[in-house]
Every structure is written in structure tokens, then in C-alpha cells.
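In: make a model of this:
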Amino acid sequence: MINTITLNPSLDYIVKVDSFKVDSLNRIAEERIYAGGKGINVSIVLKNLGVANTALGYVAGFTGDEILRQIESHGVTCDFIKLKEGFSRINVKLKSDGETEINGSGPDIKNEDLKILYEKLSHLTKGDFLILSGSIPNSVPDDIYESIMSSLADRGVEFIVDATKDLLLKVLKFKPFLIKPNHHELAEMFDVELKSDEDIIKYGRKLQEMGAKNVLISMAGDGAILLPENSEAIKREVPKGELKNSVGAGDSMVAGFLCGYLRNKDIDEAFKMGIATGSASAFSEELATKDEVDNLLKQIV
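Out: Numbers count the residues shown, from 1 in each chain. Model prediction:
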């Protein structure tokens, strides 16, 4: 079974204003509201690709109810913990001459709430995948990912981690099956400037030396580099298309990679599927669908 965790989901409110003016009335030209969170994106795309999975995390209040409604409308099984107080955050993205983001903070998660999550995860066994992705709320310990993986370390669970800097570096000792930093995050982890593919491979290998099995480094329009376990690095270009929305593209790459891997355990085929799926989301206003992914796979040689 595949499980995703989104500790701080949101309702993302995307508005477009023709020419935004400060201290003035602005009329919205276009608006959308959707459930946001990296783990949620992974769950939805996996389901779009025909892979059953369960989404876990925390929700609260009327916004939490809408988040659950939207996730379930995609056919994803939800096992979120409903908090008694507060409400799930609302993130606002204003698109006009530029882009402005305002992110909420989310509800407080107490120790008793964490115990419930650990209880749910205690049922995972060998062969299950757990995907930990995204930032964490201020109300939980900053070693939460490390603690979760430690609690499951002897159960044979495969981990996929998509997080930044210390949140990722501290869990490498648990030998995650896959990690997916982008090239900017990789540079930040080691406080270096990456000037070439060789630099990216060099520092990606350092993450493997620290414990990661497979390292997938996304580079937006410049493609991606995969460092497979016990094999040579592979670089692939992205398919051609018009960039419409970069939100969720990295999460879609993770979902596509796992979907491809589950088919026949072929890492390179998983890589192709990951690139096609990430690109399909980038070329669409919504998250990738199976038909979109299948069409882009034909471009990947």
C-alpha cells in the first residue's frame, strides 16, 4: 500500500487580476480554489494514473472539510486526522503583472494528535511505501520526519522523501528509497553554486553516500538527473510544451516515478514516467492525467 503524509495542507486560492493596484479596488478576472499540499498532489496524481493510495495528515475547521471533499472527489482514500480546534490554512496566490503569495500558518497540532498519527502508521509493513513531502507546521517538532521514519525503521517500509535542507539531510540515515531535491535545493544543502551537470552529480552522490538509495534531481526546463542505486547517472530532457503552471510539477514527478517503478521495478522506466508526469502537470492548469502522461511518454526517447 502507498501512503502520503501532508502535515500542513491548505486551501489554495488562486486569483488573477488584470493590473493589480495597491490601495485600490481590484476586480478578479479569474479564480480557482483547490486542495494544496505536496503529499496531496502526489496522492491525486497517483490516483489519476490508476494507483490506489491513502492520504494522511491533519485538517481542521470548514477549510479542512473542503480539503477532504476535494481530495475524495479525485477518488483518493483519505485517513486524515480532524483537529478539534482551528482551521486548515488558506494560501493566496495573486497573479497580475507579477505573482504575490500569502500563506497561512495552519492549526496547532498537539502531542495527542501526533500519537494518533503514529498509531495509524504503526500498521505499515514490508512492501508498503510512505511518502513524506513538503514543509512542516511550526507546532510540530522539527525532527518529525526523522521520528516517523525511526518508528518504522525495522518494518521494511520504503520511504520517499521530498523535503528541503535539514528536514531531508537528517533522514538520509534511514536509507530512503527515493529523494527528490531540485537543483536549487541541492545547492542550498551544501552551500555551493552548481555550474554544471557534473557539479549536480557530484553533490547528488554525496546524498547517496549519506544514505539515499536513488536520487532524482529536477532542473525545471533543463530536464532531470537520476542517480540510481549502484548504477551510472542518467540525464533526460523534458518533453516540449507550454509551461502553464509549475505548482505540483515536482510532486507529479514523484508520483510518476513511483507509478513507473511499480510496473516492473525498472528504474530507468520509472525515470521516464516521472519526467512525463511532471511535465504533464507543468503543461496543464490541473494536475497530470493518465492520457496527458501517455502522450508525453511518446516524446521521451
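In: any low-confidence regions in the protein?
Out: The chain contains residues with pLDDT under 70 at 301.
In: please repeat the previous calculation with a cut-off of 80.
Out: 245-247, 301 (pLDDT under 80).
In: just the helices in the stretch 101-250 of the chain please.
Out: In the stretch 101-250 of the chain, the helices defined using DSSP state H, counting those that start in this stretch lie at 111-121, 144-151, 165-169, 183-190, 197-209, 249-264.
In: quick one: which of the ones you listed is nearest residue 281?
Out: helix 249-264 (3.9 Å; C-beta to C-beta). Glycine gets a C-beta too; all of them are placed from N, C-alpha and C.
In: CSV for the helices of the stretch 101-250 of the chain, including mean neighbour count and distance to residue 67?
Out: Putting the helices of the stretch 101-250 of the chain into CSV (neighbours: other C-beta atoms under 10 Å; distance: least, C-beta to C-beta, whole Å) gives the following:
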stretch, mean neighbour count, distance to residue 67
helix 111-121, 14, 16
helix 144-151, 18, 20
helix 165-169, 17, 22
helix 183-190, 17, 26
helix 197-209, 16, 32
helix 249-264, 24, 16
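In: could you chop this structure up by domain?
Out: As given by automatic domain parsing, the domain ranges for the chain are 1-18+30-176, 181-301.
In: would you list the ones you listed in a markdown table and tack on distance to residue 24?
Out: Conversion of those to a markdown table gives the following (distance: least, C-beta to C-beta, whole Å):
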| stretch | distance to residue 24 |
| --- | --- |
| domain 1-18+30-176 | 11 |
| domain 181-301 | 27 |
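In: mind listing what the nearest residue to residue 289 once chain neighbours are set aside touches?
Out: In space, residue 289 comes closest to residue 48 once its chain neighbours are excluded; the distance is 5.2 Å by C-beta to C-beta, 6 or more residues apart in numbering. Applying C-beta atoms under 8 Å, 6 or more residues apart in numbering to residue 48 gives the contacts 74, 287, 288, 289, 290.
In: switch to 7 Å and redo it
Out: Counting by C-beta atoms under 7 Å, 6 or more residues apart in numbering, residue 48 touches 287, 288, 289, 290.
In: try residue 169
Out: Applying C-beta under 7 Å, 6+ apart, one finds that residue 169 lies in contact with residue 189.
In: spatially nearest residue to residue 95 (excluding sequence neighbours)?
Out: residue 16 (4.6 Å).
In: kindly state the beta-bridge partners for that neighbour.
Out: On the basis of DSSP bridges, residue 16 is bridged to residue 30, residue 95.
In: so it sits against residue 30, correct?
Out: Yes - counting by C-beta atoms under 7 Å, residue 30 is a contact partner of residue 16 at 4.1 Å.
In: the more surrounded of the two?
Out: Between residue 16 and residue 30, counted using other C-beta atoms under 10 Å, the more crowded position is residue 16 (14 against 10).
In: give the contact list for that one.
Out: Applying C-beta under 7 Å, 6+ apart, one finds that residue 16 lies in contact with 28, 29, 30, 95.
In: highest neighbour count among those residues?
Out: Top of these by neighbour number is residue 95, holding 15 neighbours under the definition other C-beta under 10 Å.
In: this structure: strands as residue ranges?
Out: Chain-ordered strands for the chain, with DSSP state E as the definition, fall at 2-6, 10-16, 30-36, 54-60, 77-78, 81-83, 89-95, 99-102, 129-133, 158-162, 178-179, 214-218, 224-227, 234-236.
In: since we're on the closest residue to residue 74 other than its chain neighbours, how many residues are nearby?
Out: Spatial nearest neighbour of residue 74, chain neighbours left out: residue 44 (4.7 Å); criterion: C-beta to C-beta, 6+ apart. Residue 44 has 29 neighbours, counted by other C-beta under 10 Å.
In: now residue 44: how far from residue 81?
Out: When C-beta to C-beta, to the nearest Å is applied, the distance between residue 44 and residue 81 equals 19 Å.
In: residue 119 too?
Out: Relative to residue 81, residue 119 is positioned 10 Å away (C-beta to C-beta).
In: what does residue 162 give?
Out: In this structure, residue 162 and residue 81 are separated by 21 Å, where distance is defined by C-beta to C-beta.
In: also residue 114?
Out: The gap separating residue 114 from residue 81 is 9 Å, by C-beta to C-beta.
In: tell me the contacts of the closest residue to residue 106 other than its chain neighbours?
Out: In space, and not counting its chain neighbours, residue 106 is closest to residue 89: 4.1 Å by C-beta to C-beta, 6+ apart. Each residue near residue 89 by C-beta under 7 Å, 6+ apart is listed here: 8, 10, 103, 104, 105, 106.
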